[in-house]
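Colleague: Next one to model:
(3 chains)
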Amino acid sequence: MKLLAARRRHPMALVVLLLVGMLLTGGAYSLFTGNTTANAEEYSTAQVEEGQKLFVSNCATCHGMNAEGSENGPSLIGVGAAAVDFQVSTGRMPLQMHGPQAQVKEPQFSEEEIAAMAGYVASLGPGPAVPDEEWLNTAEGDSAAGGGLFRTNCAMCHNVVGSGGALTRGKYAPNLSEVSEKHLYEAMQTGPQNMPIFNDANLTPEEKRDVITYVREVSETPSAGGFKLGSLGPVAEGLFIWFFGLAGVIGITVWLTARSK
Amino acid sequence: MSTTQQTNRATAIVGDVAQWTEDRTSASKAVREFGRKIFPSHWSFMLGEVALYSFVILVLTGTFLTFWFKPAMAEVIYNGPWTPLRGVTISEAYQSTLEISFEVRGGLFIRQMHHWAALLFMAGLSIHALRVFFTGAFRKPRELNWVIGIVLSMVGLGAGFTGYSLPDDLLSGNGLRIIDGLLKSIPLVGTYISFFLFGGEFPGIDIVSRLYSLHIMILPAVLIALIGVHMMFLVIHKHTHWAGPGHTEKNVVGEPVLPSFAAKAGGFFFMIFAVIAFISALFTTNPIWNYGPYDPSPVSAGTQPDWYVGWADGILRIMPGWMEFYIFGYPISLNINIAIIIMMGFWGIAAIWPWIESWLLKDRREHHILDRPRNAPTRTALGVAAVVWYAVMWAGASGDLVAVFFHMSLNDMIYIFRVLFIVGPFIAFFLTRRICISLQRKDRELVLHGHESGHIIRLPHGEFQERHIPLTPHESWKLTAFEAPPAIPAQPGAKGKVSGLERVRAAMAKYFYEERVTPVTKAELDAAHGDHHGEVEGDDHRDHSAGLEK
Amino acid sequence: MTSIESSGGQGGQLAEMNGFANPGLPEHKPRITDSSPTAERLAERQIAAWFIVSMIGTIWFIVAYFLFPVGDSGALVRIHTMAIGLGATAALAGIGIGIILWAKTLVTDAEIVEDRHDKGGGTEEDQAIALEILNQAKDESGIARRSLIRNTLIAAVAIAPLPAILVFRDLGPLPGDKLFTTLWGPGVRLCKDIGMIPEQSDIMPIRAADVTIGSAFHVIPENLRDSGHPLDEKAKAAVLLMRVDPNELNTDPDRESWGVDGIVAYSKVCTHVGCPVALYEHQTHHLLCPCHQSTFDVTNHCKVIFGPAKRPLPQLPIAVDDEGYLVAQSDFTEPVGPTFWEINTRETNA
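Modeller: Numbers count the residues shown, from 1 in each chain, chains lettered A, B, ... in the order given. Predicted structure coming up:
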């Protein structure tokens, strides 16, 4: 280990790491078939420079001065603008503290700043771009097709209507009902944290739109049966019948058998 | 029946009808027999009725549902109003449940009533069983009725689970898949049982119609028969009552069926019905439209059974994988089928508990006066230990949701449940027994010293004392009318030898019943009063645990 | 027989206990409604009001049933359910509360004492007569004397249920080798699971190049629709496909050829009780079962690292065909899904 640690501090180590990172991530992304990749040209040079400044002052501690990654954070080369947009505009990044997983909080940057950082990261290597409005328009989507895809690809972690669920060792799949269409799309595309990546071969942009349509529909339509009790299924229903139903009934038995004044 | 003599014309008509009925049915005998039967009035005696009335509501609402539900697994394409499923291939069972939910007017309301009533039925049944256990109402002559109650809870669980599985949605399908895995874990015959139940491989196309005939015919018929016998025994034995002034083992004190108890019970039926209607009007249960049709590949996070099956699911989650082992290549999947063993053991021990207790205490007498739970510390402690054990298994089934809710690690949750599964019941036992004994001592003190009045008086020689107000005979009777029999040592049998079984009994009895707080006797009370010249009780540093025998 | 006594009656002999004399029933205290005619009239009106609430509830239910259609959306169903449901609640609770109030405030509430029988059983006379009847029946039928017909009868009745059990034989076929075979076989393409049984046009085979690092594909065999029982087959053949950095995989030497550049395929059916194990964490490479939390490590051939499962998830050996699509090399080499008694009694088709 000592030997490795010593080598890691060697000036060339950075370059080697950079190369390995590019090969692994960038190379992997270039395998995408027809994926919507962001080109650095979408962002102006001024934006990229501004983004680099923001990156160096806010992200480099963990992700490295050139986004090559460190012990505390992965390389961002080739993750694309979509990953930056998702992580920063949901407030997950910059990370508040180390834990099982990054928490959602108030975003720390303005939209322009986020776009600048996204531009900078996109300029480092090809990766998924921020999605076009076209793929976020739920009016165009098919919720029934999306439902089938959602149940197969998403429900095991996020619950069948996106109420969320547990993962191993303190990690969890978040509730999706309040997540915006754009963030849903970006999450599928970039696989934040431990979520698998659903590239365009796995779920095409049309299919991603269907999934988003389904999530929107089930979380926005009021439940036909009344209050949803968190859409958590039988556990919530069981607790409800014991602590509301049966407790109420016992209240009635006490009233019923109490002697009248 | 001489009411026809009366001048009032309306009464005369009623009289005629009554006479007509009487001539054909001899109804007067029934009225004479049951009309003034006595039911003691106490809130805890109404809990069984919660289950009974929920069951009536289940039969009413369930019958309604059968008029639309199609217990078939043929594939159809959904074309109804619920857009997230339109165009999806689903089974007829699922399609007809969606139809009941969205297209039949009042259908969803009745469906939710049916499901909520099922959840309340099992909850009412459980809480009634706990009441009977903790008050000792299972003792002679009611042992058989207790066993019937245990069987009712088993059949009730089966009825509930078969109903949960009928809509053929994703949640119930995964539930059945777990049942399939559970059956396959049974040594030797498991695979065959699974194939016979599902009509071949899981999921097959037969399971819904098979569960349907169980759910709407066989299990309800068994439930109705058992409930009938249960009620018959209730009438034969007459209801138990609490220890109280005027209450004895030879009588029952309470309200007559006609009119008071019948009115209250009838009103209570409507109240239960109203509570279920209210919940069903406002709160979603089992939203099958969210779950989607059953497909063996998907699954939802938070896949759980209804609460009364939860303990079985919890056992499956708590057990570690090393409990599966192989003998000559044949698997013994204890990690799975221990769920069946634990459930059967739990019910089995509960069922024979009346005999165990009577054997341990060598008590063959009839008991119609209930024990306050504190006055039977061992029984109460064992009961609480069983409740805690059950609760750990039950909570185990929701470990994933609990972990998310409290931001804890799912794995840590399961480690905690594994520890609690082993030590929880023991902690509960010792803690409960201590609490019971402390409460008994408090009662003793109250009887001996009376209520604290808050009045401080000064005695002629300067000592300050608080004036205590002695209990009325009615009050002290409630606190002293119980028995705390000592553990009976091993007795020689017919041939003058002490059998091994008798030694075991004596050892267990010694362990369970040796430490006891005896009720205050009249002599003790008189002595206490005598010491202090009438009604004034002083702090004399006497051993307050005088009744504690060790 | 019921003895009807007024309140305060001592109901038979009251035994003493622990030296205390049973003080007998406390004196009956009258309620306000027993003594005050005003209170009684008020209670009467109150009760009637509840019955009127019930009538309003019933009428509201009928009106709401027609007034609120269930129509085309969940929202309308919700309004309908709520409207008729609250009507039903009022209709039922009105009657319930009314009757209970009546019973509590106006019906005589004196406690009554009823004697219990001395013994749980019948009287001695009952028992003697019952015994006599049984003895008479025994003598008249000759069941004790005629041992031949008695014993043959017992034997006949004892075996009579056998046919009733036998006719259940056709509930299901015998397992045979069904648990040892799946639709996977040499050259069967891995296709995307689109959440239902795909028609011909929906079959979407997966190229090796599509499976990028960090991806997870839910997979079914291409021939699912052709099989006689697609759901039964899907229940065994569902597969999860992942691509892991080959450096992170600890591949067994015998399984070197089972993956394609870090692409590995494992059965999705839990070896515990059969839930779909589908929660793939692409950083930890853990697979978690949402039903009972068994956790499998993809980098170590899906060995169990936590939870109640014992066996690792079976791996499907895969390869790439001429057109670049992923295909199975063979069937699974071990049975998929929950453990069953005969699991080691034969080989799979692989």
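Colleague: Just the helices from the chain, written as ranges.
Modeller: Because you didn't say which chain, this covers chain A. A:2-8, A:11-21, A:27-29, A:45-58, A:60-63, A:80-89, A:111-124, A:143-153, A:155-158, A:181-190, A:205-220, A:234-240, A:247-257 (DSSP state H).
Colleague: actually chain C
Modeller: Ranges of helices within chain C are C:32-35, C:37-67, C:74-105, C:124-141, C:147-159, C:161-166, C:230-237, based on DSSP H.
Colleague: Looking at these, spot the one closest to chain A.
Modeller: Closest of these to chain A is helix C:74-105, at 3.8 Å (criterion: Cβ to the nearest Cβ). No exception for glycine: its C-beta is placed from N, CA and C like everyone else's.
Colleague: tell me what the closest one is packed against?
Modeller: If you count contacts as 3 or more Cβ pairs under 8 Å, 6 or more residues apart in numbering or on different chains; DSSP states H and E, helix C:74-105 packs onto helix A:247-257, helix B:92-102, helix B:107-135, helix B:262-282, helix C:37-67.
Colleague: Pull the residues that contact the host helix or strand of residue B:226.
Modeller: Assigned by DSSP states H and E, residue B:226 belongs to helix B:219-237. The contact list for helix B:219-237 (Cβ atoms under 8 Å, 6 or more residues apart in numbering or on different chains) reads B:34, B:37, B:52, B:55, B:59, B:62, B:141-142, B:144-145, B:148-149, B:151-152, B:155-156, B:158-159, B:162, B:368, C:120.
Colleague: Mean pLDDT, distance to residue C:240 and mean neighbour count for the helices and strands packed on helix C:74-105 - can I get that in TSV?
Modeller: Compiled in TSV, the helices and strands packed on helix C:74-105 are given as follows (pLDDT from 0 to 100; distance: least, Cβ to Cβ, whole Å; neighbours: other Cβ atoms under 10 Å in any protein chain shown):
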stretch	mean pLDDT	distance to residue C:240	mean neighbour count
helix A:247-257	95	43	17
helix B:92-102	96	25	24
helix B:107-135	97	33	24
helix B:262-282	96	39	23
helix C:37-67	96	49	15
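Colleague: Among those helices, which comes closest to residue A:201?
Modeller: helix B:92-102 (31.4 Å; Cβ to Cβ).
Colleague: tell me what that closest one is packed against?
Modeller: strand B:75-77, helix B:107-135, helix B:288-291, helix C:74-105.
Colleague: And chain A, is the second one touching that?
Modeller: Yes - against chain A, helix B:107-135 shows contacts by Cβ under 8 Å from any Cβ of the partner chain at B:108, B:112, B:116, B:119-120, B:123-124, B:127.
Colleague: burial measure for residue B:218, as a count.
Modeller: Neighbouring residues of residue B:218 were enumerated by other Cβ atoms under 10 Å in any protein chain shown; the total is 14.
Colleague: near chain B, which residues of the stretch 1-150 of chain A?
Modeller: So far as Cβ under 8 Å from any Cβ goes, the stretch 1-150 of chain A lies against chain B at A:100, A:143-148.
Colleague: of these, closest to residue A:124?
Modeller: Among the residues of the stretch 1-150 of chain A next to chain B, and counting by Cβ to Cβ, the member closest to residue A:124 is residue A:100, at 27.7 Å.
Colleague: Quick check: the gap between the closest one and residue A:84.
Modeller: 22 Å (Cβ to Cβ, to the nearest Å).
Colleague: Give me the more crowded residue out of those two.
Modeller: Legend: neighbour count by other Cβ under 10 Å for residue A:100 and residue A:84, higher for residue A:84 (30 against 15).
Colleague: What distance do you get for the nearest residue to that one once chain neighbours are set aside to chain C?
Modeller: Among residues not flanking residue A:84 along the chain, residue A:118 sits closest, at 4.1 Å (Cβ to Cβ, 6 or more residues apart in numbering or on different chains). Computed with Cβ to the nearest Cβ, to the nearest Å, the distance linking residue A:118 and chain C is 20 Å.
Colleague: is it true that residue A:118 touches residue A:127?
Modeller: No - look at residue A:118 against residue A:127 with Cβ atoms under 8 Å: they stay out of range, at 9.9 Å.
Colleague: State whether residue B:453 is indeed within a strand.
Modeller: Yes - assessed by DSSP: H, G, I helix; E, B strand; the rest coil, residue B:453 belongs to a strand.
Colleague: give the contact list for it.
Modeller: Residues in contact with residue B:453, defined by Cβ under 8 Å, 6+ apart, are B:466-469.
Colleague: these two touch, right, residue C:74 and residue A:224?
Modeller: Yes - the criterion here is Cβ under 8 Å, and residue C:74 meets it with residue A:224 at 3.8 Å.
Colleague: who touches both of the two?
Modeller: Joint contacts of residue C:74 and residue A:224 (Cβ under 8 Å, 6+ apart) are B:102, B:289.
Colleague: Break chain C into its domains for me.
Modeller: Chain C is divided into the following domains under automatic domain parsing: C:3-171, C:178-349.
Colleague: Buried deepest among the ones you listed, which one?
Modeller: Highest mean neighbour count among the domains of chain C (mean count of other Cβ atoms under 10 Å in any protein chain shown): domain C:178-349, with a mean of 21.
Colleague: What parts of the stretch 51-200 of chain A come near chain C?
Modeller: A:145, A:147-153, A:156-157, A:165, A:167-168, A:171, A:173, A:191, A:193-199.
Colleague: which residue sits closest to the single nearest residue of the stretch 251-400 of chain B relative to chain C, ignoring its sequence neighbours?
Modeller: Going by Cβ to the nearest Cβ, chain C is nearest to residue B:281 of the stretch 251-400 of chain B, at 2.3 Å. Leaving out its chain neighbours, the residue that sits closest to residue B:281 by Cβ to Cβ, 6+ apart is residue C:85, at 2.3 Å.
Colleague: now swap in residue B:61 and tell me
Modeller: Using Cβ to Cβ, 6+ apart, the closest residue to residue B:61 is residue B:114 (4.1 Å).
Colleague: Skip the chain neighbours and tell me the closest residue to residue 52.
Modeller: Picked chain A for this. residue A:120 is the one closest to residue A:52 (Cβ to Cβ, 6+ apart), at 4.8 Å.
Colleague: Chain C is the one I meant
Modeller: residue C:94 (7.4 Å).
Colleague: Quick one: residues contacting the closest residue to residue A:142 other than its chain neighbours.
Modeller: Computed as Cβ to Cβ, 6+ apart, the closest residue to residue A:142 that is not its neighbour in sequence is residue A:210, at 4.9 Å. For residue A:210, the contact set (Cβ under 8 Å, 6+ apart) comprises A:141-143, A:145-146, A:149.
Colleague: Compare these and tell me which has the most neighbours.
Modeller: Highest neighbour count within these, by other Cβ under 10 Å: residue A:146, with 28 neighbours.
Colleague: filter the contacts of residue B:453 to the buried ones?
Modeller: Buried residues within these, counting neighbours by 16 or more other Cβ atoms under 10 Å in any protein chain shown: residue B:468.
Colleague: Quick check: of the contacts of residue B:453, which lies closest to residue B:385?
Modeller: Within the contacts of residue B:453, distances to residue B:385 taken as Cβ to Cβ reach their minimum at residue B:468, with 36.9 Å.
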